[in-house]
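Trainee: Build the 3D model from these lines:
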Amino acid sequence: MIHFIELLIGTVTSRPYVFVFFACYLFLAITHIGMRRTALFSVIAYLIAFLSEWSSAVAATGFPFGLYYYIDNTSQRELWIAGVPFMDSLSFTFLSYVSWELATIILGNVEAKPGDVRNLNADIVRRRWTTTFLASFLMMYLDIIIDPVALKGDRWFLGKIYYYPDGGSYFGITLANFFGWFFVCFAIIRLFILLERVFFKRSNTTDRGIMHYPYKAIGPVGLYLGVLGFNLFMTFWIGERMLGVVGVIITLPVILLVLLGLLKGRLLKIEA
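Mentor: Take a look at the predicted model:
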């Protein structure tokens, strides 16, 4: 138990940025969907991500991310579970959630006014299949920025933690990896929606933790763009200018989608 606690502390101190993002996710998720649903979503997201990474890298099936291998240089100081770094699977909780919320904002009825931004039909839009597809695409979009710089982790404080034995066509990343991210996000959201109906279908009370605060709707947007910004910063910081420029160009359509969603809400308010 003491060794486990030491590894857990080492994981936090070695990867503080992951846990800053995770803490932001917990606040956003709890205030949006409540404590119990956040707990359910977190468990589902972690388990699906872990099984997918274990299948691809440890069992070497290549499904769903393509074939890659982890490099165990840190298991003596941070937590690994069955050959998979704990922080890797944990990251999928907040990455999938903010992608889902961003898709909900883009497709929802957003009311934008001075001092506040609200998504008026978030609960309905959040469960639609079209939202799940868009969310999965948005998380795959994140990976286009994240994985190329993560692959070069030996040049920054992430460290060299994995490699593709046959390389990849996009800055060393295989195309299968991007489809894997789409699949994982899709599976997380649809399984959560299914189990939410099973566990909470008889609940008529508001889940604890849900609250309203100014600009609540755009909190997940900030976290999504924060993850993008962090990875773009690291890309330029290690001197990968071409990769950084490509990343910035890739980011612009997402920012445009968000702005159009907010502008749509503003225009609808003016017309009303």
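Trainee: Check whether the most centrally placed residue in the chain sits in a helix, strand or coil.
Mentor: Geometric centre of the chain, nearest residue: residue 95, 0.5 Å, by CA atoms, centre = their mean. Here residue 95 is helix, with the state taken from DSSP: H, G, I helix; E, B strand; the rest coil.
Trainee: Residue 67 now?
Mentor: Secondary structure, three-state DSSP: residue 67 is coil.
Trainee: pretty sure it is touching residue 166, no?
Mentor: Yes: with contact defined as CB atoms under 8 Å, residue 67 counts as touching residue 166 (7.3 Å). Placement of C-beta: from N, CA and C, glycine included.
Trainee: Please enumerate the strands of the stretch 101-250 of the chain.
Mentor: For the stretch 101-250 of the chain, the strands defined by DSSP state E, counting those that start in this stretch cover 110-113, 116-119, 162-163.
Trainee: Tell me where the protein has helices.
Mentor: For the chain, applying DSSP state H gives helices covering 2-14, 16-33, 35-53, 86-107, 122-125, 129-151, 175-200, 219-237, 241-271.
Trainee: would TSV of the ones you listed with distance to residue 158 and mean pLDDT be doable?
Mentor: Listed next are these as TSV, based on distance: least, CB to CB, whole Å; pLDDT from 0 to 100:
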stretch	distance to residue 158	mean pLDDT
helix 2-14	9	81
helix 16-33	9	95
helix 35-53	16	97
helix 86-107	10	95
helix 122-125	34	90
helix 129-151	6	95
helix 175-200	17	95
helix 219-237	8	94
helix 241-271	15	76
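Trainee: For residue 74, find the nearest of those.
Mentor: Closest to residue 74 of the helices of the chain, according to CB to CB: helix 2-14, at 6.9 Å.
Trainee: pretty sure the residue nearest to the centre of the chain contacts residue 139?
Mentor: Yes: at 5.7 Å, residue 95 and residue 139 qualify as touching, with contact defined as CB under 8 Å.
Trainee: Now list whatever residues contact both of those two.
Mentor: residue 185 (CB atoms under 8 Å, 6 or more residues apart in numbering).
Trainee: hmm, back to that, which of residue 67 and residue 166 has more neighbours?
Mentor: Set side by side, residue 67 and residue 166 show more neighbours around residue 67, with 16 against 9, by other CB atoms under 10 Å.
Trainee: dump the residue contacts of the more buried one.
Mentor: Here residue 67 is in contact with 56, 57, 60, 61, 164, 165, 166, 174 (criterion: CB under 8 Å, 6+ apart).
Trainee: and residue 221, what does it touch?
Mentor: 98, 101, 102, 105, 258.
Trainee: got a markdown table for the residues you listed, with distance to residue 24 too?
Mentor: Shown next, in a markdown table, are those (distance: CB to CB, whole Å):
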| residue | distance to residue 24 |
| --- | --- |
| 98 | 9 |
| 101 | 12 |
| 102 | 14 |
| 105 | 16 |
| 258 | 17 |
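Trainee: and which of those residues is nearest to residue 33?
Mentor: residue 101 (9.3 Å).
Trainee: how many neighbours does the closest one have?
Mentor: Counted with other CB under 10 Å, residue 101 comes out at 29.
Trainee: Not counting sequence-adjacent ones, nearest residue to it?
Mentor: residue 220 (3.4 Å; CB to CB, 6 or more residues apart in numbering).
Trainee: mind checking how far residue 87 is from residue 185?
Mentor: 18 Å (CB to CB, to the nearest Å).
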